[in-house]
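Trainee: quick one, structure for this:
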Amino acid sequence: MTSNVELRAVIESDLPVFLIQQQDPQATAMAAFPARDRDAHFAHWASILADQTNILRTIVVDGEVAGNIVSWDQAGKREVGYWLGREFWGRGIATRALSLFLEQVAARPLYAYVAKHNLASRRVLEKCGFVVIGADGVLPENASEPVAEFILRLD
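Mentor: Next comes the predicted model:
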């Protein structure tokens, strides 16, 4: 079911694909994270690309950019997050990509946050060894209401 999944460094030509993926209304609803407009998207990526402590990978499936996985330090904790274009959902790609990423990134513990209603993403994390350690409510940038999230950790 899983296609050929590879991870590689993020390159500038990936960013327009990431823009389209993060503007998908169904994807933003699942992630409970509002889409950025073009300028904000490219400014955000310029910022994270410039931070040498971030670990950034493009998910490539059969030669096509399928999404990204990033890891960053926030408040003394190493976090991980990923975004997959909707056309790649339901094929085991996110689980395979996260597994590959975890082989490349030795830092532990790793933390992830997932919207409580996003059962598929929670399942991806749990298949990769993350366990729920709590819950929180957060107000994402540009959002009008807080999002109920599970907090997961991989030791």
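Trainee: residue 97 belongs to a strand?
Mentor: No - counting by DSSP: H, G, I helix; E, B strand; the rest coil, residue 97 is not part of a strand but helix.
Trainee: any idea of the mean pLDDT in stretch 119-129?
Mentor: What stretch 119-129 shows for mean pLDDT is 97.
Trainee: ugh, wrong one, stretch 134-154
Mentor: Stretch 134-154 carries an average pLDDT of 77.
Trainee: quick one: end-to-end length of it, please.
Mentor: 13 Å (C-alpha to C-alpha, to the nearest Å).
Trainee: swap in stretch 104-115?
Mentor: One end of stretch 104-115 sits 26 Å from the other (C-alpha to C-alpha).
Trainee: was I right about residue 78 contacting residue 107?
Mentor: Yes - using C-beta atoms under 8 Å, residue 78 is in contact with residue 107, at 4.7 Å. All C-beta atoms are positioned from the backbone trio N, CA, C, and that covers glycine.
Trainee: distance of residue 103 from residue 129?
Mentor: Per C-beta to C-beta, to the nearest Å, residue 103 is found 12 Å from residue 129.
Trainee: higher neighbour count, these two?
Mentor: The residue with more neighbours, out of residue 103 and residue 129, is residue 129; 15 against 9, by other C-beta atoms under 10 Å.
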